[in-house]
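*Asks:* Give the three-dimensional model of this entry:
(chains A and B)
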Amino acid sequence: MNRVSSALLAIAVSFGSAALALAVSYGIIAATGGDPNEAARALWDGAFGSRAQVAGTLSELIPLVLVALGWIVAFSARRINIGFEGQILVGGACATWVALKLSLPHPLHLGLATAAGVLGGAAWVGIAAWLWAKRSVNEIISTLMLNFVAIQLISWLVRGPLQEETRGFPRSAAIPESARWPKLLVATPLAWDLILALAMVVAMWFLLRRTSFGFAIRLTGANEVAARHAGIATTAVTVGALLISGGLAGLAGASLLLGGESTSMTDNFSAGFGFTGIVVALLARGSPWGVVPAALLFAALRQGGGLVEARAGISSALVLITQGLVIVFVAGSQFLLDRQRAVRVDATTPGSGAPLPSGI
Amino acid sequence: MGPFDTAWLASMVLLSVPLLLAATGELISERGGVLNIGLEGMMLSGAFFSFLGVYLWHNVPLGVLTGMGAGVVVALIMALLCVRLRSDQIVVGVGLNLLALGVTTFTFREIFATQAEVRLDYPQPIAIPGLSELPVVGRPLFQQTLLGYLSFVAVGAAWFVLYRTSFGLSLRAAGESPAAADTAGASVNRIRTIGTCVAGALAGAAGAYLSVGRLGIFNEGMTGGRGFLALAAVIFGGWRPLGVMAAALVFGAADALQLRLQSYESIPREVWLVMAMVAAAALVVARLRRGDRDTSVAVTIVGGAVVAVGVALFVIGPEWHFPPQLWLTMPYVLALLALGGLVGRVHMPSALATPYRRGEDT
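*Replies:* This next block holds a predicted model:
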């Protein structure tokens, strides 16, 4: 089998998983006495029906793209970061802190706040990276635990040090305009950070595929022992991949607060993006380019789900079911691709290791 | 003694029971090599379907069994995907959590959204004659519902199965060195499937305890992260049954304390004293165990500092308002410290989260 046909199979499996998940959801609506066609129309109108709806969908796309890229970078080094929720929260909190405590002119203030978000996310995953590198702590467990620490920390911040002055609500003061992204479409939530997110897609593709550091990441992920023998400082490379991963999530957190609809930091502003972003990365099969269409699907589901509930009377919890089904189907179909990959390895290089990770 | 009274002890036991059940199940699963992130979803399924069972049949034991069955169904999906098809355990776990939250919320709204809040009959506690009249610990420990008692029985059973049966030996081998277990004639995949199902059943029971076990109500997403707290308890407990029980009780005690402290104007002095005493006791235990030198120096410094700060604050008694959110980070911080070797020494099963395929030497 050649590369093209294996890439086509991966795309077919992803489309199949998404289509199957949507079909099951369609069936659930029909089985519970709803009108699935009405729901589908409401979903489409809710996500793409008007200028405002499209803008809403595209702003939901931004954090999903960034988190999915974060997963892909870490997974290229075969590290699993499931701490995106925490990294989004800490990154967003750092960005908010800079936005509220410093007083600077517009592009500089926004730039510094965004940089603080990236650093915050990277620092938060840095705890897990340090534990992994120095104390051999499994990064899956540590990133997961750090999510819950972050949730409580942010909950404390918006009721304590960062709370707005009247102390009436658990939220920060309003973020000043000088630290906010300018609007891409006037009178909609969509801001210029969309362009940044799309630029990150190109940047991460370039990093992983066209730089020696990216090659070191992928070689470390494919075969850590071989990479070390080839002279790669695998521990440093892996830590680097994790930090980039967390930085992207921190950027997502910053962008949720400095762009988009929110005007101040609240509890749980990560709103599940940290986990949905993982679904996006899985559906994209680890390809930075694939992230955009996959993120568009989930952004549309999130954005359109509200109208489905309002117009067709179908609970928005169905969106969660659809997301869960996509993960289960994507994960469950992995063996199809593994089998094909195993055949390819056996046929070309008997006894050699696995090929470089391009997907999951 | 301030907030540390019988009511606190009773509340600690009530909050520990669901953790204990879920963590014991997760322990069995993880010792077999399956890291079950889907525990939260299994618990939530147990909470909802036991509620539904009691609503339909007006029979609490039958409802609890339904909840456990729901947990097992989720576990079977997990086992099919992760054990048989060798999908990534973490990814599947994340998916099952989303799926369980979606399915329970959706079904709950479909059936119950149109009615006023449904409150079901809940079981009355059973007092053990004699023991329940003991001072202080009598009522909290020996006047519980059946599920409460069973949670402690489950820990004992887990210990017995893990260390005193051939199945337990195979299970631990499957988690440490699946290739060796396979060579010795044990079916790694069958063992892991059983381990995952035990986790599902116990997580289902834990969820049932939350919904029909005590209050007879269900709320959307009512497990509220307790499945992850149970994961932390398994880690902090060092993947050993008694350690996991101690961790679940510590987390329950901490939770009970923060609930009480929210009504205090400032943190009472007793809290600082207890903090110093607990740290001192932990330090003594750590010294007796003798870890590697590097770690024991770190432990002594950290533990000594905590004791000193505790005593100092007890003497000063500062007027600090209690921040419950910071307190709630404690279980996860403790789990991280335990993983990093700063509190005790824990050994994670070597093959945790690694699918087994015959002929691959991992």
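
*Asks:* Tell me where the model's unsure across the stretch 251-362 of chain B.
*Replies:* Residue ranges of the stretch 251-362 of chain B with pLDDT under 70: B:286, B:289-296, B:342-345, B:360-362.

*Asks:* Contact residues of it facing chain A?
*Replies:* B:323, B:325-326, B:328-329, B:331-333, B:335-336, B:339-341, B:348, B:352-353 (Cβ under 8 Å from any Cβ of the partner chain). From N, CA and C alone the C-beta is placed, and that goes for glycine too.

*Asks:* Just the ones in helices from those residues, please.
*Replies:* Among these, the members falling in helices (DSSP state H) are B:325, B:326, B:328, B:331, B:332, B:333, B:335, B:336, B:339.

*Asks:* What is the nearest of the residues of the stretch 251-362 of chain B next to chain A to residue A:198?
*Replies:* Checking these against residue A:198 with Cβ to Cβ, the nearest one is residue B:353 at 33.4 Å.

*Asks:* ok, the closest one - contacts?
*Replies:* Shown in contact with residue B:353 (Cβ atoms under 8 Å, 6 or more residues apart in numbering or on different chains): A:138, A:140, B:33, B:34, B:35, B:89, B:90.

*Asks:* Tell me the spacing between it and residue B:32.
*Replies:* Separation of residue B:353 from residue B:32 (Cβ to Cβ, to the nearest Å): 11 Å.

*Asks:* before we move on, what about residue A:25?
*Replies:* Counting by Cβ to Cβ - residue A:25 and residue B:32 are separated by 33 Å.

*Asks:* neighbour count winner among the two?
*Replies:* residue B:32 (32 against 25; other Cβ atoms under 10 Å in any protein chain shown).

*Asks:* residues contacting that one?
*Replies:* Counting by Cβ under 8 Å, 6+ apart, residue B:32 has contacts B:171, B:172, B:174, B:175, B:191, B:192, B:194, B:195, B:196, B:349.

*Asks:* Mind picking the lowest-pLDDT entry from these?
*Replies:* Among the contacts of residue B:32, residue B:349 carries the weakest pLDDT, at 89.

*Asks:* wouldn't that residue be in contact with residue B:178 here?
*Replies:* No - counting by Cβ atoms under 8 Å, residue B:178 is not a contact partner of residue B:349; they are 10.2 Å apart.

*Asks:* any residues in contact with both of those two?
*Replies:* residue B:33.

*Asks:* Of the two, give the one with the bigger neighbour count.
*Replies:* The residue with more neighbours, out of residue B:349 and residue B:178, is residue B:178; 26 against 20, by other Cβ under 10 Å.

*Asks:* need the helices for the stretch 151-300 of chain A, in chain order.
*Replies:* For the stretch 151-300 of chain A, the helices defined by DSSP state H, counting those that start in this stretch cover A:193-210, A:212-222, A:224-229, A:234-258, A:273-283, A:288-312.

*Asks:* would you turn the ones in helices among the residues of the stretch 251-362 of chain B next to chain A into CSV with distance to residue A:58?
*Replies:* CSV is the format used below for these (distance: Cβ to Cβ, whole Å):
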residue, distance to residue A:58
B:325, 33
B:326, 37
B:328, 36
B:331, 39
B:332, 35
B:333, 38
B:335, 39
B:336, 37
B:339, 40
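
*Asks:* Please, which helix or strand holds residue B:116?
*Replies:* Remark: residue B:116 resides in no helix or strand, with elements defined by DSSP states H and E.

*Asks:* how close does it get to residue A:180?
*Replies:* Taken as Cβ to Cβ, the span from residue B:116 to residue A:180 is 44 Å.

*Asks:* likewise residue A:30?
*Replies:* For residue A:30 relative to residue A:180 (Cβ to Cβ), the value is 44 Å.

*Asks:* Could you do residue B:194 as well?
*Replies:* Distance, residue B:194 to residue A:180, by Cβ to Cβ: 55 Å.

*Asks:* Which residue does the stretch 151-300 of chain A have closest to chain B?
*Replies:* residue A:156 (3.7 Å; Cβ to the nearest Cβ).

*Asks:* Quick one: neighbours of that residue, just the number.
*Replies:* By the criterion of other Cβ under 10 Å, residue A:156 has 20 neighbours.

*Asks:* surely residue B:167 meets residue B:161?
*Replies:* Yes - here residue B:167 reaches residue B:161: they are 6.4 Å apart, a contact under Cβ under 8 Å.

*Asks:* and these two? which has more neighbours close in?
*Replies:* Using other Cβ under 10 Å, the more surrounded residue of residue B:167 and residue B:161 is residue B:161, with 17 against 14.

*Asks:* Within the helices and strands, which one has that one?
*Replies:* Assigned by DSSP H and E, residue B:161 belongs to helix B:146-164.

*Asks:* Using PDB, write out the CA atom coordinates for that helix.
*Replies:* In PDB, the C-alpha atoms belonging to helix B:146-164 read as follows (Å, rounded to 0.1, in the frame of the first residue of the first chain):
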ATOM      1  CA  LEU B 146     -26.100  -1.400  53.500                       C
ATOM      2  CA  LEU B 147     -24.000   0.100  50.600                       C
ATOM      3  CA  GLY B 148     -22.000   2.000  53.200                       C
ATOM      4  CA  TYR B 149     -21.000  -1.200  55.000                       C
ATOM      5  CA  LEU B 150     -20.400  -2.900  51.700                       C
ATOM      6  CA  SER B 151     -17.900  -0.300  50.600                       C
ATOM      7  CA  PHE B 152     -15.600  -1.300  53.400                       C
ATOM      8  CA  VAL B 153     -16.200  -5.000  52.700                       C
ATOM      9  CA  ALA B 154     -15.200  -4.300  49.100                       C
ATOM     10  CA  VAL B 155     -11.800  -3.000  50.200                       C
ATOM     11  CA  GLY B 156     -11.200  -6.200  52.200                       C
ATOM     12  CA  ALA B 157     -12.400  -8.300  49.300                       C
ATOM     13  CA  ALA B 158     -10.100  -6.400  46.900                       C
ATOM     14  CA  TRP B 159      -7.200  -7.000  49.200                       C
ATOM     15  CA  PHE B 160      -8.000 -10.700  49.500                       C
ATOM     16  CA  VAL B 161      -8.500 -11.200  45.700                       C
ATOM     17  CA  LEU B 162      -5.400  -9.300  44.800                       C
ATOM     18  CA  TYR B 163      -3.000 -11.000  47.200                       C
ATOM     19  CA  ARG B 164      -4.500 -14.300  48.200                       C
END
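
*Asks:* can you give me the strands in chain B?
*Replies:* B:126-127, B:143-144 (DSSP state E).

*Asks:* So which of the ones you listed is the most surrounded?
*Replies:* Most buried of the strands of chain B, by mean neighbour count (mean count of other Cβ atoms under 10 Å in any protein chain shown): strand B:143-144, with a mean of 22.

*Asks:* In terms of secondary structure, what does it contact?
*Replies:* Applying 3 or more Cβ pairs under 8 Å, 6 or more residues apart in numbering or on different chains; DSSP states H and E, we find strand B:143-144 packed against strand B:126-127.

*Asks:* Look up how far chain B lies from residue A:60.
*Replies:* As judged by Cβ to the nearest Cβ, to the nearest Å, residue A:60 and chain B stand 16 Å apart.

*Asks:* Closest to the centroid, which residue in chain A?
*Replies:* Centroid-nearest residue in chain A, with Cα atoms, centre = their mean: residue A:67, separated by 1.9 Å.

*Asks:* list the contacts for it?
*Replies:* Neighbours of residue A:67 in contact, by Cβ under 8 Å, 6+ apart: A:84, A:88, A:248, A:249, A:252, A:273, A:274, A:276, A:277, A:278, A:280, A:281.

*Asks:* pLDDT value on it, please?
*Replies:* pLDDT at residue A:67 comes out at 97.

*Asks:* which SSE is it in?
*Replies:* helix A:51-76.
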